[in-house]
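> fold the following.
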Amino acid sequence: MQSKPLTRPGGLPLRSWVAILSLVASLLNVVTATDIMNEWWLYGALFFLIAGFEAFYMFILLFAPWQYDDTGAQRPALESQGLVFYVLGILGLGVTIALYIATRTTGLPFVGSSAQAFHIIRPLDLLTRAVEVILIGLLALLIQRRRQVEV
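Prediction:
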């Protein structure tokens, strides 16, 4: 049985919205990384790495490699696949948010020139984390809908 893509009425598939927001989070992290480079180069590099993963994740979601078999033919039940990618996205974003909270509350122990020091909370940081929280919610929604399709 072939399922229809999970969409909002009159809109893009939900997975496409998640991909777009992943790109937005990636771009916001690039801007954040340039500011953080002044604090310590490794923190900046970490945020560039996070931005790279979020951009890569966008491409994974857009091209959805789980939709194709070894010969390149499209598999049936398109939206019933991809659970692993959705869960990995939630875990990766969760680690990013946890790292941000740690650096703004207790500091990271034994890491960096300002180990265990608190870092400034900037509006751009909060916007970036808000986008990542929304991404987690949308990925959870994709997982929930995937389970409804299987039932």
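
> mind listing what's buried in stretch 32-42?
Neighbour counts using 16 or more other CB atoms under 10 Å place Thr32, Ala33, Ile36, Glu39, Trp40 of stretch 32-42 among the buried residues. (C-beta placed from N, C-alpha, C; glycine too.)

> gap between the two ends of it?
Length of stretch 32-42, first residue to last, CA to CA, to the nearest Å: 13 Å.

> quick one, phi psi at Asp69?
Asp69 adopts backbone torsions of phi -90, psi -170, taken as degrees, to the nearest 10.

> near it, how many other residues are there?
For Asp69, the tally of surrounding residues (other CB atoms under 10 Å) stands at 9.

> OK, contacts around the spatially closest residue to it that is not a sequence neighbour?
In this structure, Asp69 finds its nearest non-sequential neighbour in Arg75, 5.6 Å apart by CB to CB, 6 or more residues apart in numbering. Applying CB atoms under 8 Å, 6 or more residues apart in numbering to Arg75 gives the contacts Trp66, Gln67, Tyr68, Asp69, Gln81.

> now, which of those lie within helices?
Per DSSP state H, helices hold no members of those.

> kindly reformat these as TSV containing pLDDT and distance to Tyr100.
Shown next, in TSV, are the contacts of Arg75 (pLDDT from 0 to 100; distance: CB to CB, whole Å):
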residue	pLDDT	distance to Tyr100
Trp66	72	30
Gln67	72	33
Tyr68	72	35
Asp69	71	39
Gln81	68	31
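
> chain center to the longest helix along the chain: distance?
Assignment by DSSP H gives helix 123-150 as the longest helix of the chain. Relative to its chain's centre, helix 123-150 lies at 8 Å (CA atoms, centre = their mean, to the nearest Å).

> for that helix, packing partners?
Here helix 123-150 touches helix 14-36, helix 83-105, going by 3 or more CB pairs under 8 Å, 6 or more residues apart in numbering; DSSP states H and E.

> tilt between the last one and helix 14-36?
The reference is to helix 83-105. When axes from the mean of the first three to the mean of the last three CA atoms, to 10 degrees is applied, the directions of helix 83-105 and helix 14-36 differ by 30 degrees.

> just want the angle from helix 83-105 to helix 123-150.
Using the same axes, to 10 degrees, the inter-axis angle of helix 83-105 relative to helix 123-150 is 150 degrees.
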